[in-house]
Structures are given as C-alpha cells and as structure tokens.
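just to be clear, the model below is a prediction. Sequence and coordinates:
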Amino acid sequence: MRGCAPARAWRLRSSARRCLRPCSTRSPRCPRSLTSWQELNEQAVSARSENVRRLHAAGVTIFAGSDTQSGVFPGPGLHRELQNLARAGLTPIEVIRAATLGPARFLAQSDTPDWGNVAVGQRADLLLVEGDPTRDVAALSAIRAVLQDGVPIARTPVENPDR
C-alpha cells in the first residue's frame, strides 16, 4: 500500500512492533493487527493512569496541559485529559486545580500568583459551564460562555473530530 511505512521505520519498541505489520494500522483489511494495536494502546493508557494515581498519592503536583500531541484536537483533548485525571483518582477539585492554580503557581514561581484563581484583584479568564464541575469534571465541557479580562468572547463553532 502507498503511504505506509514499515513498522521498523517507526522505531517502536519490540513489544509494540510485534503487534504491527506494515500498514496494519491504516487498513481496515487488517482487523487482527488493528485489534492488537488497540489492545496495546489500552494497556498503555491503563499504565499511564496507574502512574498518575501513584504519583498523586505520593504527593507529586499534577498539571493538566493545553499542549497537544499530533492527532489530538486542542480543546476536546484537554477535556479528555481532565476526565482521565479524575479516572486516575483525583477529586474534581484537584482536577480543576491541576488545570488552573497549580500551573499558575508553577509558571509564576510564586505561591500567590495574580492569576489562576478567581478572587478580587486577580487577573482571570473565566469559563462558565452548565452543571457543577466540582462534582463531575465532565461539566467542564458543557461550556456556556467564555470571558477574557471580564469581556464575553464570541464563540465560533469549530468542527470537533472527536464527536
């Protein structure tokens, strides 16, 4: 098939390479290989979740990032990351802090940055959502309005390939 690289060209570890044949992840005609790849990916996701759970339990500060890797759509990718943090054992409040106050403190190199927290006298961009994200982080994706420097931002629809 055109456009497919041999698995060895992907520089995958041998455990991943065993699950692939050239073109196996691109062709629906290779369901057995694709299933093997999906199983390997599920194991990796489970291992990452367990690592986050252990790090969090050990007191390591966890951050959610707005950066994305290739193939991850910005925005929905962050919401998925927040839900994954909740699945790894962070409470909804801890998940919200992982996306707001924690990174603000780190980037400001201060325990009291003037952003990352909603308080009088602080800079803040606000996300207004439907539901209670302190009980269920999925509510963070039910966005109703965005305010930047206190001004509502017109939201332009963007096609979401994840839906």
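Received it, and whenever you're ready, just let me know what you need.

if you count neighbours, what's buried in stretch 65-82?
Within stretch 65-82, the residues that qualify as buried by neighbour count (16 or more other CB atoms under 10 Å) are 76-79, 81-82. The way it works is simple: take the backbone N, C-alpha and C, and place the C-beta from them, glycine included.

got it, and stretch 99-111?
Buried, per 16+ other CB under 10 Å, within stretch 99-111: 99-100, 102-105.

now do stretch 81-94
Residues 81-86, 88, 90, 92 are the ones in stretch 81-94 that count as buried (16+ other CB under 10 Å).

what is the nearest of those residues to Arg155?
Leu82 (19.2 Å; CB to CB).

and the residue nearest to Gly77 when sequence neighbours are not counted, which of the three is it?
Closest residue to Gly77 apart from its sequence neighbours, by CB to CB, 6 or more residues apart in numbering: Thr68 at 4.9 Å. For Thr68, the reduced secondary structure class is coil; criterion used: DSSP: H, G, I helix; E, B strand; the rest coil.
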